[in-house]
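1. Give me a model of this one.
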Amino acid sequence: MTELVFFALADPQRREILRRLVDHGPQTTGSLLRGIGASRQAATRHLATLESAGLVRSEKQGREILRSFDPGALAPAEEFMAELARAWDLRLARLQAQHSEDGPIG
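-> Residues are numbered from 1 along each chain as shown. Next comes the predicted model:
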């Protein structure tokens, strides 16, 4: 699922859709896609990609489909990024310790 999340987040139009959902809450498909700068067909594909990654949920309300952001889908990607950050911090600490042991350069 992490791969799907990163794939979904790779596109600027999909990120804009998510920003709109985060900033304004659940929205109908029409209001969400207004001004995105994509054809209706492309925008529908973007929503399908976001849904397959678990980032967007759809709920039919009457004739409308209400889209909402699901932050829980980001958890695997956040954990991956945290692992990278921990590894990088450890590596930097080792380099710093090694540099301290070697004394000043010059």
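2. L66: how many residues sit nearby?
-> Per other Cβ atoms under 10 Å, the neighbour tally for L66 reads 17. (Each C-beta comes from the backbone N, C-alpha and C, glycine too.)
3. Same question for the one 10 residues further on.
-> Other residues within reach of P76 by the criterion other Cβ under 10 Å amount to 16.
4. Isn't it up against F6?
-> No: counting by Cβ atoms under 8 Å, P76 does not reach F6; the two are 9.6 Å apart.
5. Report the buried residues of the strand or helix carrying R57.
-> Assessed by DSSP states H and E, R57 sits inside strand 56-61. Neighbour-count burial for strand 56-61 flags V56 (criterion: 16 or more other Cβ atoms under 10 Å).
6. Stretch 18-33 too?
-> Residues L18, R20, L21, Q27, T29, L32, L33 are the ones in stretch 18-33 that count as buried (16+ other Cβ under 10 Å).
7. Greatest separation within those: which pair is it?
-> Greatest spatial distance in the buried residues of stretch 18-33: L18 and T29, 14.4 Å, computed using Cβ to Cβ.
8. Redo the buried residues of stretch 18-33 as TSV? Include distance to A53 and secondary structure.
-> Converted to TSV, those look like this (distance: Cβ to Cβ, whole Å; DSSP: H, G, I helix; E, B strand; the rest coil):
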residue	distance to A53	secondary structure
L18	10	helix
R20	16	helix
L21	13	helix
Q27	18	strand
T29	17	helix
L32	16	helix
L33	18	helix
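9. for the residues you listed, which one is nearest G54?
-> Nearest to G54 among the buried residues of stretch 18-33, with distances taken as Cβ to Cβ, is L18, at 12.0 Å.
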